[in-house]
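A.B. asks: Sequence and computational prediction follow.
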Amino acid sequence: MISIQNIEIAFNTPKGKFVAVKDINLEVAKGEIVSIIGHSGCGKSTILNAISGMVFPTKGKVLLNNKEVQGPGPDRGIVFQNYSLLPWLNVEENIYQAVDAALPAKSKLEKRALVEKYLQMVNLWEHREKYPKQISGGMKQRTAIARAFAIDPDVLLLDEPFGALDALTKGSLHIELLKMWNLTQRSKTIVMVTHDIEEAIFLSDRIIVMNNGPAATIREIEEVHLPRPRNKKEIVNQEEYKIIRERLLSLLMDKVEIDEEDFFKKQEAA
Ligand SMILES: Nc1ncnc2c1ncn2[C@@H]1O[C@H](COP(=O)(O)OP(=O)(O)OP(=O)(O)O)[C@@H](O)[C@H]1O
């Protein structure tokens, strides 16, 4: 489904070429949920943007269904942390507008039906006439997720979609995301950027752990074999969950500890 082949992504900056990521190789199968985790600035969004076609690799290539990604397209739905709803459109219109643009061959009636289906799925039908400023952060993100699913993409790219939400809202959105994934026969491939270890384990089949940048590479890939459907309260007591959590923590915390040691050493020297 997605094949990332030996990519490097560099940016031209006033100080010269800045290599954000390099030597990235990754195959994501149809219907798989993969998370990318790592410290701030390690290139998680850059990789996601290369799949979305908003950024082009300076070396290597990204293939989607065996075709090289040439730019954004309706086969990929994107959800960002900051909701990205159009403030002048209400909840229903925000979804309709995306469906209208992505599926022009459908009749008005079919498009309306699609919008209703996804609004019902995320329990927003009753709030459909509200504008983004009149709804909570969780509702905004549910709208954004419904909008991404409604255009019926092969791939969903989620860039810290739950990062701005409180733990309870986050928890219910995890369930809603999986509900939609299940209702589409687990056929949608999901690649998600997150900082949240528990979220990554709960949702993913595999977790890509990045090294720190610049020129960040993939450090390790953790496979999550916990059976689905997963129950949040139950999986935390399972041995596999604990082992993966420990592993991710140790991979991600070592830099923090080194930085702290460094800080105290510098303080002593001063
Ligand atoms: N358009 C750009 N021009 C120059 N540098 C860029 C550009 N986009 C990203 N970068 C740099 O590339 C590196 C990776 O950025 P990216 O946003 O992918 O990191 P991230 O892991 O998603 O970070 P965070 O977790 O903080 O969102 C950073 O050093 C960033 O400053």
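C.D. replies: Okay, I see it. Residues are numbered from 1 along each chain as shown.
A.B. asks: Next up, the contacts around residue 159.
C.D. replies: Residues in contact with residue 159 (Cβ atoms under 8 Å, 6 or more residues apart in numbering) are 44-45, 48, 78-81, 192-193. To be clear about C-beta, it is placed using only N, CA and C from the backbone, and glycine gets the same treatment.
A.B. asks: If you count neighbours, what's buried in stretch 211-218?
C.D. replies: 211-213, 216-218 (16 or more other Cβ atoms under 10 Å).
A.B. asks: Assumed residue 63 was part of a strand.
C.D. replies: Yes - applying DSSP: H, G, I helix; E, B strand; the rest coil, one finds residue 63 inside a strand.
A.B. asks: residues contacting it?
C.D. replies: 2-3, 5, 69.
A.B. asks: let's see 6 Å
C.D. replies: residue 3 (Cβ atoms under 6 Å, 6 or more residues apart in numbering).
A.B. asks: And residue 44, by the same measure?
C.D. replies: 36, 38, 193.
A.B. asks: JSON lines please, covering these and showing pLDDT and distance to residue 174.
C.D. replies: Below are the contacts of residue 44 laid out as JSON lines (pLDDT from 0 to 100; distance: Cβ to Cβ, whole Å):
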{"residue": "36", "pLDDT": "98", "distance to residue 174": "17"}
{"residue": "38", "pLDDT": "95", "distance to residue 174": "20"}
{"residue": "193", "pLDDT": "97", "distance to residue 174": "15"}
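A.B. asks: Make a ChimeraX selection of the buried ones in these.
C.D. replies: Those of those that count as buried under 16+ other Cβ under 10 Å are selected in ChimeraX with:
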select :36,38,193
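A.B. asks: Within reach of the ligand, which of the contacts of residue 44 are there?
C.D. replies: Residues of the contacts of residue 44 in contact with the ligand (Cβ under 6 Å from any ligand atom): residue 38.
A.B. asks: Which of the contacts of residue 44 fall within helices?
C.D. replies: Nothing among these maps onto helices, per DSSP state H.
A.B. asks: The contacts of residue 44 in strands, which ones?
C.D. replies: Counting by DSSP state E, those place 36, 193 in strands.
A.B. asks: Help me see whether the worst-scoring helix or strand of the chain on mean pLDDT makes contact with the ligand, please.
C.D. replies: None of the helices or strands of the chain scores lower by mean pLDDT, DSSP states H and E than helix 239-269, at a mean of 83. No - Helix 239-269 stays clear of the ligand (Cβ under 6 Å from any ligand atom), getting no nearer than 11.8 Å.
A.B. asks: mind listing what's buried in that helix?
C.D. replies: Buried residues in helix 239-269 (16+ other Cβ under 10 Å): 241, 244-245, 248, 251-252.
A.B. asks: Adding distance to residue 22, write these out as CSV.
C.D. replies: Formatted as CSV, these follow (distance: Cβ to Cβ, whole Å):
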residue, distance to residue 22
241, 32
244, 26
245, 28
248, 23
251, 19
252, 20
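A.B. asks: Which single one of these is nearest to residue 225?
C.D. replies: Nearest to residue 225 among the buried residues of helix 239-269: residue 244, at 9.3 Å, using Cβ to Cβ.
A.B. asks: That closest one and residue 205: what is the separation?
C.D. replies: 12 Å (Cβ to Cβ, to the nearest Å).
A.B. asks: got it, and residue 32?
C.D. replies: Plainly put, residue 32 is 5 Å away from residue 205 if you go by Cβ to Cβ.
A.B. asks: cool, residue 85 as well?
C.D. replies: On the measure of Cβ to Cβ, residue 85 and residue 205 end up 29 Å apart.
A.B. asks: more neighbours, those two?
C.D. replies: Shown here are residue 85 and residue 205; by other Cβ atoms under 10 Å, residue 85 has more neighbours (23 against 17).
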